[in-house]
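**Q** below is the structure, and that's it, no one-letter string:
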């Protein structure tokens, strides 16, 4: 088991991936969210030192750099929760004076503070914790009850570590799913309990999955996929839209982490789908040249099965599912439905091509508010932000 002292020696590949998603999402998020004119609170719930010993920037510096370069700078304030390394963090964020507040207590103690901070604001919660033990689901439910303007969540969850700890507690042996990656954090703690794990997962559904694996009814890779989908379903009780990207462990080809994104905004969902898809493709691109530490050299289809069980999908054959049995649907809702089916497997522009193909092949008919362009030509636009667009199911 690793420890936090070693964690900050250097920034590892999987940390770079997580921070890339955070960094690339924040800029368009701040530009989009400023139109509400409410104050914006970015809350890093496990902030760490702010900088690794090798000089690499941690999430607090990434967040502050994005705020300082944004047109929403005056509306935005960052809150960093860090008990153990609060003094180090204070020194590292000093150049960004007045842009952040450091809360030198732990995450659990600060739940009431977070709820107070959230009031009437646009809130972005970043939760990237060391291990799993304090990831109580009830806290997310409390955030939901806060009187915020908008709220979004980016959560890093050690799903494999959870299942390993589940094996230890239920079967008295974590060794049945041991791997060779000494960077993984499992938090084997004799004080941990099955009830505590239920509180993290928001239910006992994980116990049946562990027993299926132990009884040789299912492989651990499939157990992880099923567990991640069930956990996503729990998050959907709080957020309308949830997607995730897996960070695959090279030695086992099982996700070591999953980054979950939750939002009640379709705009936020579309931005994150694009960013997660772009990151995923960059990983696969590097992997094909044997330069990436996170994957073995596997085909895209093989690795991408961790994104969604439905990958790939024939939208023509599943047209009824896209329309929920209805004959009409608006364009925004159709994008959402496709994402629910395929997750981040494709970018928004690729989903747009799928919709256009359905139209060209006569499966759907697109009704636009403005049927013609400004110069009188027939419109083929699919931008639902500029006009109302409805889809009629033909076949």
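**A** Perfect, thanks for sending it. The structure displayed is predicted, hence computed values, not measured ones. Numbering: from 1, shown residues only.

**Q** pLDDT weak spots in the stretch 251-395 of the chain?
**A** 251-253, 284-313 (pLDDT under 70).

**Q** quick one, strands of it?
**A** 255-263, 328-330, 364-368, 389-393 (DSSP state E, counting those that start in this stretch).

**Q** most tightly packed of the ones you listed?
**A** strand 255-263 (a mean of 24; mean count of other CB atoms under 10 Å). For the C-beta atoms, the positions are set from N, CA and C on the backbone; glycine is no exception.

**Q** residues in contact with that one: which ones?
**A** Contacts to strand 255-263, defined as CB atoms under 8 Å, 6 or more residues apart in numbering, come from residues 14, 18, 21, 151-161, 181, 184, 224, 228, 231-232, 235-236, 238-249, 268-269, 272, 276, 306.

**Q** filter those down to the buried ones and hand me the ChimeraX line.
**A** In ChimeraX syntax, the buried subset of the contacts of strand 255-263 is picked out as below (16 or more other CB atoms under 10 Å):
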select :14,18,21,151,152,153,154,155,156,157,158,159,160,161,181,184,224,228,231,232,235,238,239,241,242,243,244,245,246,247,248,249,268,269,272,276,306
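
**Q** out of the contacts of strand 255-263, which sit inside helices?
**A** 14, 18, 21, 159-161, 224, 228, 231-232, 235, 268-269, 272, 276 (DSSP state H).

**Q** pretty sure residue 76 sits against residue 42.
**A** Yes. Between residue 76 and residue 42 there is a contact at 6.6 Å, judged by CB atoms under 8 Å.

**Q** overlap in contacts, these two.
**A** By CB under 8 Å, 6+ apart, the residues touching both residue 76 and residue 42 are residue 67.

**Q** follow-up on the earlier one: pipe the strands of the stretch 251-395 of the chain into TSV and attach distance to residue 209 per row.
**A** Putting the strands of the stretch 251-395 of the chain into TSV (distance: least, CB to CB, whole Å) gives the following:
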stretch	distance to residue 209
strand 255-263	14
strand 328-330	34
strand 364-368	38
strand 389-393	37
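
**Q** please name the nearest non-neighbouring residue to residue 11.
**A** residue 56 (3.7 Å; CB to CB, 6 or more residues apart in numbering).

**Q** and for residue 332?
**A** residue 384 (5.1 Å).

**Q** count the neighbours of that neighbour for me.
**A** 18 (other CB atoms under 10 Å).

**Q** next one: the one 10 residues further on
**A** Counted by other CB under 10 Å, the residues lying close to residue 394 total 13.
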